[in-house]
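J.: Predicted model and sequence follow; I will ask about them next.
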Amino acid sequence: MLGLGLASCSAEAQLLGKPAKHAPLPKGIELVFNHSETSRYRSPITGQWRQGDDLEAFVLASIQQAKREILVAVQELSLPKVAEALVERHREGLTVKVVLENTYSTPWSQENPIGLAPHKRNRHHQLQALGWGDAVAILQRAGVPLIDDTADGSAGSGLMHHKFMVVDRAVVVTGSANFTPSCIHGDPGGDPSGDPGSNRSRGNVNHLLRLHSSALASSFVAEFERMWGDGPGGQNDSRFGLAKGGGAAQRALVGQTPVTVLFAPHRRKDPNQGLGLLEKLLLGTRKQLDLALFVLSEQGLADAMARLQERGVKIRLLADPGFANRAFSEVLDLLGIQLPDHRCGLEAGNRPWQKPLEGVGTPRLASGDKLHHKLAVIDNRTVITGSFNWSPSAAHQNDETLLVFDSPQLAEHFTAEINRLWKGAELGLTPRLQRKIERQRLSCGSGVQRGIHQTNTTQGKTTQVNTTGG
């Protein structure tokens with residue numbers, strides 16, 4: 001049965017402490033947040049000053065500092081200034097190579113929006129409205145070597161979802177952000193006055209790190225070279241997805257900070273797979289677990305958090321509003337409820353918590369913006385981040401990066417970001433979620449278990465429900 005009896009605990013979260021502004025970072029680590037409250041820059045979209053760090057400028061500075069080589073592996077690159085900077089370094093004789101996801105490797109200006117899927121059509125119109133030019137076309141015209149995840153002769157991996165750049169085999173730029181306007185600055189439109197109190201897009205909530213470490217960079221270079229093979233026009237020797245062969249987590253130092261990096265995907269029974277690493281890290285939590293996640297859709301991780309709750313660990317979790325209340329989301333488990341999907345099917349193996357978590361909810365964001373972090377802070381010391389969403393597809397299909405830092409100093413900065421998101425967050429069983437539950441109840445009754453053909457009676461009607469699909 002749906003957890004309709006759960007009392008509403010929607011409330012505005014309170015800020016639970018914040019480190020001093022501009023607290024120092026560990027040696028060899030630089031960190032920027034595009035929604036930071038302690039800095040500001042002039043938005044290239046509106047021309048107005050806005051809060052946040054300029055992640056595009058952060059990327060451009062890394063490109064400008066290169067002396068020999070720049071390796072880029074990002075799901076999407078649609079910032080023309082970044083493309084132009086790469087072209088300039090290419091023309092100066094530096095080695096420049098780019099890997100993209102095949103969905104975004106065709107210049108958008110060459111696409112007919114009429115034939116595009118709705119989300120790609122919306123992207124096309126947004127990039128056209130900016131009037132900035134076509135980044136992929138800029139790279140192609142200049143002859144910058146570029147491949148996508150079809151270079152192995154396949155139709156592509158689940159997703160080439162990496163977000164990293166390696167400079168001179170000594171510096172890694174990585175985090176949660178794609179190199180796009182939506183991920184960094186925001187979408188065009190909104191209040192033309194530039195009123196900072198308006199509901200104008202400020203971009204998906206993201207961060208980037210610059211990590212100075214030849215040892216760590218060598219791991220990223222090896223991952224890049226597996227994907228690159230012999231490059232464009234060569235043999236089908238690129239390796240994406242499971243063809244890369246998985247591999248164990250690798251360890252390196254950035255300054256004096258221990259870092260673990262794991263590149264996905266892995267087969268489900270592979271002991272090195274990313275969800276297993278995440279579960280092990282979660283179960284090691286002693287006092288406090290803070291999370292800011294784009295997606296949480298892995299049952300095993302929700303179950304691990306349930307064990308932490310039983311041990312008295314304090315848990316705070318914020319999830320992207322667009323994903324938190326979907327039928328596959330394990331955020332619902334933490335709230336003690338489950339929802340049927342669009343075919344009235346209930347996900348097999350769901351285990352809604354008997355004692356719902358009070359500290360779970362969604363941040364307040366401008367329309368169209370997403371909480372795009374894949375972030376956890378354990379016991380104010382261990383930081384988990386990267387491109388790796390907390391989902392089976394990230395672990396078993398996509399090309400991903402999962403990073404783990406052991407640093408109380410770095411954790412302080414990420415905790416401050418989570419605290420910022422908690423201000424004004426909607427917690428618990430919100431009115432919007434209650435309305436969705438009621439709509440689903442009227443449409444589906446209590447739902448039926450996936451994998452079973454059952455007859456479902458709703459509103460006096462008997463219909464055959466097929467729930468064998470995923």
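T.: Structure's in. What do you need? Numbering: from 1, shown residues only.
J.: list the buried ones in the helix or strand where residue 121 lies?
T.: Following DSSP states H and E, one finds residue 121 within helix 118-130. By neighbour count on 16 or more other CB atoms under 10 Å, the buried set for helix 118-130 is 123, 124, 126, 127, 130. In this view, the C-beta of every residue, glycine as well, is placed from N, C-alpha and C.
J.: after that helix, next one along is what?
T.: helix 135-141.
J.: tell me how far that next one is from the chain's mean position?
T.: The offset between the C-alpha centroid of helix 135-141 and the centroid of the whole chain comes to 25 Å, using CA atoms, centre = their mean, to the nearest Å.
J.: related to what we said a few turns ago, so which of the buried residues of helix 118-130 is the closest to residue 110?
T.: Using CB to CB, residue 124 comes nearest to residue 110 of the buried residues of helix 118-130, at 10.5 Å.
J.: got the contact list for that closest one?
T.: When contacts are counted by CB atoms under 8 Å, 6 or more residues apart in numbering, residue 124 touches 108, 111, 113, 116.
J.: and the third one, what is it in contact with?
T.: By CB under 8 Å, 6+ apart, the contact list for residue 113 reads 121, 124, 125.
J.: Low-confidence ranges, the stretch 51-200 of the chain, go.
T.: Applying pLDDT under 70 to the stretch 51-200 of the chain flags residues 190-199.
J.: just the strands in it please.
T.: Secondary structure of the stretch 51-200 of the chain (DSSP state E, counting those that start in this stretch): strands at 69-74, 95-100, 146-148, 163-167, 171-175.
J.: Neighbouring strands - and their directions - for the fourth one?
T.: Think strand 163-167. In the sheet, strand 163-167 lines up against strand 69-74 (antiparallel), strand 171-175 (antiparallel) (DSSP bridges).
J.: Mark which of the contacts of residue 124 are buried, thanks.
T.: Judged by neighbour count, with buriedness set by 16+ other CB under 10 Å, the buried members of these are residue 108.
J.: quick check, nearest of the contacts of residue 124 to residue 427?
T.: If you rank the contacts of residue 124 by distance to residue 427 using CB to CB, residue 116 comes first, at 37.3 Å.
J.: what residues are up against that closest one?
T.: With contacts taken as CB under 8 Å, 6+ apart, residue 116 has the following neighbours: residue 124.
J.: Mind doing that once more with 10 Å?
T.: The contact partners of residue 116, by CB atoms under 10 Å, 6 or more residues apart in numbering, come to 108, 122, 123, 124, 125.
J.: gap between the second one and residue 44?
T.: Right, residue 122. Distance, residue 122 to residue 44, using CB to CB, to the nearest Å: 20 Å.
J.: quick check, nearest of the contacts of residue 113 to residue 179?
T.: Proximity of those to residue 179, judged by CB to CB, is greatest for residue 124, which lies at 17.3 Å.
J.: State the number of residues packed around residue 394.
T.: As a burial measure, the neighbour count of residue 394 was computed by other CB atoms under 10 Å and equals 27.
J.: all helices of this structure, in order?
T.: Assigned helices in the chain, in chain order: 55-65, 80-91, 118-130, 135-141, 181-184, 214-228, 274-283, 299-310, 321-324, 331-334, 392-396, 408-422, 431-444 (criterion: DSSP state H).
J.: Break this structure down into its domains, please.
T.: Domains of the chain are assigned by automatic domain parsing as 22-188+202-240, 245-470.
J.: avg pLDDT for the last one?
T.: Which is domain 245-470. Taken as a whole, domain 245-470 carries a mean pLDDT of 88.
J.: so how far is it from its chain's centroid?
T.: Using CA atoms, centre = their mean, we find the averaged C-alpha position of domain 245-470 to lie 12 Å away from the chain's own average C-alpha position.
J.: Excluding covalently adjacent residues, which one is nearest to residue 417?
T.: Nearest in space to residue 417, with sequence neighbours left out and distances taken as CB to CB, 6 or more residues apart in numbering, is residue 33 at 5.5 Å.
J.: Can you give me the buried ones in stretch 169-177?
T.: Counting neighbours by 16+ other CB under 10 Å, the buried set in stretch 169-177 is 170, 171, 172, 173, 174, 175, 176, 177.
J.: So what's the gap between that stretch and the chain middle?
T.: 15 Å.
J.: Endpoints of it, how far apart?
T.: The first and last residues of stretch 169-177 sit 21 Å apart, counting by CA to CA, to the nearest Å.
J.: next one: stretch 293-306
T.: By CA to CA, one end of stretch 293-306 lies 17 Å from the other end.
J.: Quick one: residues contacting residue 249.
T.: 219, 260, 261, 262, 263, 272, 274, 277, 402, 404.
J.: who does the fourth one bridge with?
T.: Judged by DSSP bridges, the bridge partners of residue 262 are residue 402.
J.: does it really touch residue 280, like I thought?
T.: No: using CB atoms under 10 Å, residue 262 is not in contact with residue 280, being 11.6 Å away.
J.: These two: who's more crowded?
T.: When residue 262 is set against residue 280 and neighbours are counted by other CB under 10 Å, the residue ahead is residue 262, at 25 against 10.
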